[in-house]
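Q: sequence first, then the predicted structure:
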Amino acid sequence: MGASTGWTDGWWSGARAVPSPNFGPRPAGVAVDLLLLHSISLPPGVYGGPQIEQLFTNRLDWDAHPYFGQIRGLQVSSHFVIRRDGEALQFVSCDHRAWHAGRSSWRGRDNCNDYAVGVELEGLEGERFEPAQYDALAALARALCEAYPIAAVAGHEHVAPGRKADPGPGFDWARLRASLGPSHGASGVAGGLDFAA
């Protein structure tokens, strides 16, 4: 995608780039067609600190908080993180495979990391998210749908049921659908997307 579309080599101009070393190639010929939503906070329930960026760039001080001992040595990433204030950060090019879904399956297709764009919302599963986050997520989703053949939106809870529960019941799926509706194009992005919830 060219710079005129807001994309350069899978990097979106609407996000602050924080390159992560935790990524790999997507399988040849696989379409990027799933937007996969997560929630994250480090330590759990604590917002606004540098720990998410540090985790995704392998710079987290494992001894800085007791909880970090439970995830010591973890090497993970997501394509995007949306902070509580709506700031969007990008860690991995959408042309590459980020490490966010783990064991997962969507509509009978395993290994969601192969074909999904992962978006982490700063928050705790079960709790509500901020209006600024929905606004930022809608802008990102519209940009993704213009650049990639995104066909569906799901949560981690939908692709790894029983193992993961995020973003959880605090996430307002109806609000996201409405924000992707008629305001974008003649019929809106939402009309062509398969929503898990």
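A: Ah, there it is.
Q: what about the closest residue to residue 57 other than its chain neighbours, helix or strand, and which?
A: Sequence neighbours aside, residue 20 is the residue nearest to residue 57 in space, at 5.3 Å (criterion: C-beta to C-beta, 6 or more residues apart in numbering). Where you see a C-beta, it was placed from the backbone N, CA and C, and this is true even at glycine. In the assignment (DSSP states H and E), residue 20 maps to no helix and no strand.
Q: biggest helix in this protein by residues?
A: In the chain, with assignment by DSSP state H, the single longest helix is helix 131-147.
Q: show me what counts as buried in it.
A: Across helix 131-147, burial judged by 16 or more other C-beta atoms under 10 Å covers 133-134, 136-145, 147.
Q: circling back: am I right that the residue nearest to residue 57 is in contact with residue 79?
A: No. At 9.4 Å, residue 20 and residue 79 do not qualify as touching, with contact defined as C-beta atoms under 8 Å.
Q: now the common contact residues for the two.
A: With contacts taken as C-beta atoms under 8 Å, 6 or more residues apart in numbering, residue 20 and residue 79 have 91, 92, 98 as neighbours in common.
Q: in stretch 105-116, what counts as buried?
A: Residues of stretch 105-116 classed as buried: 106, 111, 112, 113, 114, 115, 116 (neighbour count, 16+ other C-beta under 10 Å).
Q: excluding covalently adjacent residues, which one is nearest to the spatially most central residue of the chain?
A: Relative to the mean C-alpha position of the chain, the nearest C-alpha, by C-alpha atoms, centre = their mean, is the one of residue 119, at 0.7 Å. Closest residue in space to residue 119, ignoring its immediate chain neighbours: residue 80 at 4.6 Å, by C-beta to C-beta, 6+ apart.
Q: swap in residue 107?
A: residue 152 (7.5 Å).
Q: can you give me the pLDDT of that neighbour?
A: pLDDT for residue 152: 96.
Q: great, nothing more from me.
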